[in-house]
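> Just to be clear, the model below is a prediction. Sequence and coordinates:
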There are 2 protein chains.
Amino acid sequence: MSIGEYKKCIDRELKLYFEDKIKYSEEEKIIYEAMAYSTNIGGKRIRPILFMATHNIFSNSEVPMGIPCAIEMIHTYSLIHDDLPDMDNDDLRRGKPTNHKVFGNAMAILAGDGLLNEAFNIAFQYVVDHPHHAKALKYLCNSSGVDGMISGQVIDILNENKTVSLKELEKMHRLKTGALIKASIVSGAIIGGATEEEIVLLEQYGDALGLAFQVIDDILDVTGNEDKIGKKVGSDATNNKSTFVSVIGLEESKVYAEKLTLKCYDILENIDKNTDELYEITRYLLNREE
Amino acid sequence: MSIGEYKKCIDRELKLYFEDKIKYSEEEKIIYEAMAYSTNIGGKRIRPILFMATHNIFSNSEVPMGIPCAIEMIHTYSLIHDDLPDMDNDDLRRGKPTNHKVFGNAMAILAGDGLLNEAFNIAFQYVVDHPHHAKALKYLCNSSGVDGMISGQVIDILNENKTVSLKELEKMHRLKTGALIKASIVSGAIIGGATEEEIVLLEQYGDALGLAFQVIDDILDVTGNEDKIGKKVGSDATNNKSTFVSVIGLEESKVYAEKLTLKCYDILENIDKNTDELYEITRYLLNREE
């Protein structure tokens, strides 16, 4: 399947999921509307696509669509909370008003909480039906917690207005962005039926890809087109955030992104299966303009 | 075991859990400190105690202590987020400064997120080791999400400055407070090995107990001793919140609390096992002063 087809698939699934929830709830439906708003505002769906594509390397069975939906909900919860006035105080996300701008701060906090809970609800239901896959979901859950995304955000906050080393910056991004990207790939591999050896390779691939993804994000923050990236160019500098560009410079960042991408290709070549789709996704992520 | 012994047990377990986490983490240890602060500030531990006591009705095996710890973390996450300036804006909780007063709003949001994630991490690890108990954890997870606590908080916010009916008030509390109390009991029963029939009875018990708990909370908000309840008497009225006392009056609330408690006793009598400990806990909750 092409990246566009994968994206359509997850877009449709998430749209239906919330339409259904909104339809069958009472006065509390505002919370589902807030959750749906940010989830369906037009993300690239990188993480669920990576889950699906990786799953399909190893399995001919249909993708259990609940899991990529849950992955996108975890990602969206983190964005809603990161955008809050008490955190990064962002008014725009993907070119649209952030959740708290539309629903108010209280509802935005709850919408984030709701998405995280909902994701785990889906994950537990999946484990009830497929107990032998508990490990894959444990891996996913681990990536969003203090061993992953949350510590990444904590370090990000602690680093504000500070000059950090490349090593510190990498650690922060490995946790904040990389952990969930890697977990999407690895959980897809486990559920798809990859061998231990293949999982180890895909962990390395996920690690390099997650980092490459962030380096490119930082480059786009400087060189990107505002309409395409959906936020003001140079917003990291305005927010006094260290980026790969501010730490090692623009040219060096481009070289680094390419090096990481080549590393991804190398690893994929070592997997004795058809990894063309992951190759395509990697190429797309390197060359993206948004 | 007595209520006090159960409490000591969960207090010790949670203290050790975070001491260990703080010891082995780096610059991000501040997040564990924030999580530990609110978790170990001196709650009554009602929910984990209910889990443990219910488990012990049906099983002679040791209580899997991760689960009651996870339950208390879920409870604490909800308190931290509810207390935020954007939500109820409370400065004190259990007589001590609330999380955001000590660690700042950003870290308090993350500490709440961290506790919810940590709870599910523990729950998934348990399911990896005990896949046949996935259903119990699914039940627990469901209670903290939009089908439970979150919708309760949403309705609470929507009801502010409004006169609500007894039915609406009951719905709100069944979700906001009752859902996790009931889930603590039911998950303890499932993991302990209760029969389907016993689980149905304990669901009814949990439902009545959760409601009784809240009615008594509302009574204590009017008649309580500030030092004991750890917040200002009359704070619900100050915050323009509907309570059982404001909706049906103080005397009627006392009658209602007693009626619900008698219902709890009745249900426990119908369970053909030794339910003395749950009976004791129910009695303690009715007569508590804090």
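It's in. Residues are numbered from 1 along each chain as shown, chains lettered A, B, ... in the order given.
> What does the pLDDT read for whichever residue of the stretch 151-290 of chain A sits closest to chain B?
Residue of the stretch 151-290 of chain A nearest chain B, by CB to the nearest CB: A:S151 (4.0 Å). From N, CA and C alone the C-beta is placed, and that goes for glycine too. A:S151 carries a pLDDT value of 95.
> Surely it and A:R174 touch.
No. Counting by CB atoms under 8 Å, A:S151 does not reach A:R174; the two are 9.9 Å apart.
> more crowded one of the two?
The neighbour count for A:S151 versus A:R174, taken as other CB atoms under 10 Å in any protein chain shown, is higher for A:S151 (27 against 19).
> Which strands and helices lie in contact with the helix or strand that contains A:I155?
For A:I155, the host element (DSSP states H and E) is helix A:149-159. When contacts are defined as 3 or more CB pairs under 8 Å, 6 or more residues apart in numbering or on different chains; DSSP states H and E, helix A:149-159 sits against helix A:66-83, helix A:166-173, helix A:179-192, helix B:29-39, helix B:105-129.
> ok, and what's touching stretch A:183-202?
Residues from elsewhere that reach stretch A:183-202, judged by CB atoms under 8 Å, 6 or more residues apart in numbering or on different chains: A:47-48, A:50-59, A:64, A:67-68, A:71, A:130, A:133, A:135-137, A:139-140, A:142-144, A:148, A:203, A:205-206, A:209, A:267, A:270-271, A:273.
> Now do it, average pLDDT.
98.
> now do stretch A:46-54
pLDDT averaged over stretch A:46-54 gives 98.
> Can you dump the C-alpha atoms of that stretch in CSV for me?
Output in CSV follows, covering the C-alpha atoms of stretch A:46-54 (Å, rounded to 0.1, in the frame of the first residue of the first chain):
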residue,chain,number,x,y,z
ILE,A,46,3.4,8.9,10.6
ARG,A,47,3.2,6.7,13.7
PRO,A,48,0.1,4.6,12.8
ILE,A,49,1.4,4.3,9.2
LEU,A,50,4.7,2.9,10.6
PHE,A,51,2.8,0.5,12.7
MET,A,52,0.7,-0.7,9.7
ALA,A,53,3.5,-0.9,7.2
THR,A,54,5.7,-2.8,9.7
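> Go through chain A and flag its longest helix.
helix A:196-223 (DSSP state H).
> Show me which residues of that one are buried.
A:198-199, A:201-203, A:205-222 (16 or more other CB atoms under 10 Å in any protein chain shown).
> can you give me the offset of it from its chain's centre?
Distance of helix A:196-223 from its chain centroid, counting by CA atoms, centre = their mean, to the nearest Å, is 11 Å.
> go on, stretch A:52-67?
Using CA atoms, centre = their mean, the offset of stretch A:52-67 from its chain centre is 17 Å.
> what does stretch A:261-281 give?
For stretch A:261-281, the distance to the chain centre is 19 Å (CA atoms, centre = their mean).
> Let me see the mean pLDDT of that stretch.
Summarised as a single mean, pLDDT over stretch A:261-281 is 97.
> For the residue of the stretch 151-290 of chain A closest to chain B, which non-adjacent residue is closest in space?
What sits nearest to A:S151 in space, not counting adjacent residues and going by CB to CB, 6 or more residues apart in numbering or on different chains, is B:E28, at 4.0 Å.
> I'd like the helices and strands packed on helix A:149-159 as CSV, with mean neighbour count appended.
What follows is the helices and strands packed on helix A:149-159, written out as CSV (neighbours: other CB atoms under 10 Å in any protein chain shown):
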stretch, mean neighbour count
helix A:66-83, 25
helix A:166-173, 18
helix A:179-192, 27
helix B:29-39, 23
helix B:105-129, 25
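> Mind checking these for the one nearest to A:E252?
helix A:166-173 (9.6 Å; CB to CB).
> Show me what the closest one packs onto, helices and strands only.
helix A:149-159, helix A:196-223, helix A:244-248.
> pLDDT score assigned to the residue nearest to A:S151?
84.
> How many residues are close by it?
Neighbours around B:E28, by other CB under 10 Å: 21.
> isn't it right up against A:I155?
Yes. If you go by CB under 8 Å, B:E28 and A:I155 touch, sitting 5.8 Å apart.
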